[in-house]
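**Q** everything below, folded, please.
(2 chains)
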Amino acid sequence: MEFLGYFGGVFEPVAMMLLLGGTVGGLILGATPGLSPTMAVALLIPFTFQLSPAHGLILLGAAYTSTVAGGAVSAILLKIPGAPANIATALDGHEMAKQGEGARALHLSFLASGIGGVIGVLLLIFLTPVLAQWALAFGPSHLFWMAILGVTLIGSLDSKSFVKGLLSGCIGLWLSTIGYDDMQGVPRFVFADALTGGINIIAALIGLFAIPQVMEMFAKGRRDLAIEQVAVTKHKLSDSIGEIGRSGRALSIGTVIGSIIGLVPGVGGQIAGLVAYDQTRKLSPHKAKFGTGHPEGVIAAESANNAMVGPSLVPLLTLSIPGSPTAAVLLGGLLIHGIFPGGDLFERHPEVIWTFINSMLLGQILMVVFGIWIAASAAKIARAPVPIMAAAVLILAVFGSYSVQQSMGDVYVMLLLGIGMYALEKFGFSAAPLVLGLILGPIAEANFIQGSMIANAMDGPWTYFFGGPLNLLLVALVVGSILYSFLSNRAENAALAKAVEVGE
Amino acid sequence: MTSTRLQHTIPALIVLAIAAVVAWLSFTEEPSDAFLFPRVISVFFLGLALWNAYRAVSGLARVGGGIDGNTAINVLPGLLVALGFVFLAATSLGFYAAGALAFFTIYTIYDPVPLSSLNGWVRRIAVTLVFMGVIYALFALLLQVQTPRGMFF
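**A** Got it, this is the predicted structure:
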């Protein structure tokens, strides 16, 4: 119950202001189609430089939590998920809205998000110190394999093509080596002056997540996008609370599945929402109602994608392996503030980490309150004009990346990486493994070099990096994640080929 | 070669060329100790890039729809404005002046409201001024970021 001792930090005026601002801002950003939670957190990082590490993390944590929940607004009202995590929410949520139950669907989605989110953060509170104690036994070889595992897991699971996923991870690892080598002080892959200091993680994060979305908005052209108008009529909140109380099955399935998926590195909220929706439908006596505007579909999907948020930080804080792409960006935020995740994190920075985790707990409650409050005007938020959003995100990306080190070089790198990522995404590559490679590259390299030195003084690199049960387990997980992705890709391709054959 | 196969082959060959350059530099640059980690990565990078190129050339790459002509035509004006803003205007005109110009130009290019509408122009100018005011308040006043001044500010 150590976390209770640090609750005071959350109630400081500055912390509360940031928590409120992050929650309301996150809900609005999440409700805006085209602005993903990952991009929102990446764009917010430059604003945390002037803040203390605890306050900076409070802002990022609040934004992470509320953008995922806010994404339900556009999923329900416009059938455009605000984030990939809200895809499953749109299936029944929008049908409810079309039947004049938009306010009821929004109430249920925020209440389910809040309950799932609180349970997820409680898991974060109780599981992280346990895993952190275990991680204390890790040496350089284990940390090296953990970093590689992070890249292979996210590369395998986050991409539709495992070759392209792993290739993205390799590109990220290579990008992380650009600049002066820390040990020898020699330049590596410095093709232009802007690369002398290496690739700044924050500028890269902004470019890789924001610019492709700006270009996606450009790709829509001048079309006046005819969005289906759905009127939001009032609904009694007490009725929604009663309904949530009677929806124990959907809520518990969503929360359990979301929490478990959050703990698996690299999987993320999209999978959590879809798996929870599917399982709830399978176990429901009203299977046929799913997809026609059944409230249980909304409750299962939203409780799952917010229950995922807390547990996705467990592997991040203890092992440096993010549980979702947004958690990967949060890792960048931690490193910028000089906070290096690991087994001794709770000994080195207990105040920062517990204040941050406690703020996420309070943030879940604020998210429900403000989410329900903004639900009335949600339709207006969700219909923000695309040209304004595109121009605004571009300008924010340029100013944000410049403000990191007040360097035009960072802005050039940000824009060029973003344009390159847009092109790569069009051909099936994914930003998340590339970002993880970029973030985990220095951790992998430092531990690889340190491990090589130890290995040379001992029995050689083979014994050091592949000896012992923990090394073998980690290597098996790396190989297993690649094999799993390879086999599931093959199965999908075979199914696709068969479907084409039948179609012909 | 079909257009889909060609679309996948070109980026796959570009990635392969990058992987080959990275591998070449990693194994030829000195001191070798500084390139130990890049060497390990480059082996996997090159191997995967070769596999990816083989799949693209043989028509096995199916993930990703590529970039069609309409998308390219729609993206190009915005992309040129973004590049012009960052590489030319930001330092020559000043960050805020160039930012306002870029915001207004992008909004005008992609706004579905007809260019003949006076109300449309008024709204675009007003939104640009309000947005840049917020950006100035955030970065210049709150975060005290010193941006390049250029001809204006």
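
**Q** got the phi and psi for whatever residue of chain A ends up closest to chain B?
**A** Closest contact between chain A and chain B, by Cβ to the nearest Cβ, is at A:Gly428 (3.2 Å). Yep, even glycine has a C-beta here, placed from its N, CA and C like the rest. The phi/psi pair for A:Gly428 (degrees, to the nearest 10) reads phi 90, psi 0.

**Q** ok, now B:Glu29?
**A** Torsion angles at B:Glu29 (phi, psi; degrees, to the nearest 10) stand at phi -70, psi 150.

**Q** can you tell me which residues contact the nearest residue to B:Asp33 once chain neighbours are set aside?
**A** Of all residues beyond its chain neighbours, the one nearest B:Asp33 is A:Gln184 (6.0 Å), with distances taken as Cβ to Cβ, 6 or more residues apart in numbering or on different chains. A:Gln184 makes contact with B:31, B:33-34 under the criterion Cβ atoms under 8 Å, 6 or more residues apart in numbering or on different chains.

**Q** any of those buried? List them.
**A** Among those, those buried by neighbour count (16 or more other Cβ atoms under 10 Å in any protein chain shown) are B:Ala34.

**Q** and the contacts of A:Gln184, which is closest to A:Ile357?
**A** Nearest to A:Ile357 among those, counting by Cβ to Cβ, is B:Ala34 at 39.0 Å.

**Q** can you classify that closest one by secondary structure?
**A** helix (DSSP: H, G, I helix; E, B strand; the rest coil).

**Q** ok, it touching A:Pro187?
**A** No - with contacts counted by Cβ atoms under 8 Å, B:Ala34 stays clear of A:Pro187, the gap being 9.0 Å.

**Q** anything in contact with each of the two?
**A** Shared contacts of B:Ala34 and A:Pro187, counting by Cβ under 8 Å, 6+ apart, come down to A:Asp181.

**Q** show me where pLDDT drops low in the stretch 251-400 of chain A?
**A** Where the stretch 251-400 of chain A drops to pLDDT under 70, the residues are A:265-270, A:323, A:376, A:378-383.

**Q** where exactly do the helices run in it?
**A** Taking DSSP state H, counting those that start in this stretch as the test, the helices found in the stretch 251-400 of chain A are A:269-283, A:295-307, A:314-319, A:325-336, A:345-348, A:350-374, A:378-382, A:386-405.

**Q** could you identify which of the ones you listed is most buried?
**A** Among these, helix A:295-307 has the highest mean neighbour count (mean count of other Cβ atoms under 10 Å in any protein chain shown), at a mean of 34.

**Q** quick check: the nearest residue to A:Glu296 once chain neighbours are set aside vs A:Ala300, distance?
**A** Spatial nearest neighbour of A:Glu296, excluding adjacent residues (Cβ to Cβ, 6+ apart): A:Ala250 at 4.0 Å. A:Ala250 sits 4 Å away from A:Ala300, going by Cβ to Cβ, to the nearest Å.

**Q** cool, A:Pro322 as well?
**A** Look at A:Pro322 and A:Ala300: by Cβ to Cβ, they are 24 Å apart.

**Q** A:Ile80 too?
**A** Going from A:Ile80 to A:Ala300 by Cβ to Cβ gives 20 Å.

**Q** again with A:Ile261
**A** 13 Å.

**Q** likewise for A:His337?
**A** 36 Å.

**Q** same question, A:Ser452
**A** 48 Å.

**Q** ok, B:Gly99 next?
**A** B:Gly99 sits 43 Å away from A:Ala300, going by Cβ to Cβ.

**Q** and what of A:Ile125?
**A** 24 Å.

**Q** which residues in the stretch 101-250 of chain A form strands?
**A** Using DSSP state E, counting those that start in this stretch, the strands of the stretch 101-250 of chain A run over A:179-180, A:187-188.

**Q** need the winner for burial among these.
**A** The stretch of those with the highest mean neighbour count (mean count of other Cβ under 10 Å) is strand A:187-188, at a mean of 18.

**Q** so which residue is dead centre in chain B?
**A** B:Leu79 (7.4 Å; Cα atoms, centre = their mean).

**Q** kindly state the pLDDT recorded for it?
**A** At B:Leu79, the model reports a pLDDT of 96.

**Q** in this structure it contacts A:Ala219, no?
**A** No - contact criterion Cβ under 8 Å: B:Leu79 and A:Ala219 do not qualify, at 10.2 Å.

**Q** contact partners for residue 45?
**A** Because you didn't say which chain, this covers chain A. A:Ile45 makes contacts with A:60, A:202, A:205-206, A:329, A:332-333, A:336, A:400, as judged by Cβ under 8 Å, 6+ apart.

**Q** I was after chain B.
**A** By Cβ under 8 Å, 6+ apart, the contact list for B:Phe45 reads A:167, A:170-171, A:173-174, B:19, B:22-23.

**Q** filter those residues down to the ones in helices?
**A** Within the contacts of B:Phe45, residues falling in helices by DSSP state H are A:167, A:170-171, A:173-174, B:19, B:22-23.

**Q** just the buried members of the residues you listed?
**A** A:167, A:170-171, A:173-174, B:19, B:22-23.

**Q** just put these in JSON lines and tack on pLDDT.
**A** JSON lines is the format used below for those (pLDDT from 0 to 100):
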{"residue": "A:Leu167", "pLDDT": "92"}
{"residue": "A:Cys170", "pLDDT": "94"}
{"residue": "A:Ile171", "pLDDT": "94"}
{"residue": "A:Leu173", "pLDDT": "94"}
{"residue": "A:Trp174", "pLDDT": "95"}
{"residue": "B:Ala19", "pLDDT": "96"}
{"residue": "B:Val22", "pLDDT": "95"}
{"residue": "B:Ala23", "pLDDT": "96"}
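
**Q** between those, which is closest to A:Val10?
**A** A:Leu173 (36.8 Å).

**Q** could you give the number of residues near the nearest residue to A:Leu44 once chain neighbours are set aside?
**A** Nearest non-adjacent residue to A:Leu44, counting by Cβ to Cβ, 6+ apart: A:Ala63, 5.4 Å away. By the criterion of other Cβ atoms under 10 Å in any protein chain shown, A:Ala63 has 30 neighbours.

**Q** related to what we said a few turns ago, quick one: closest of the strands of the stretch 101-250 of chain A to A:Val275.
**A** strand A:179-180 (40.3 Å).
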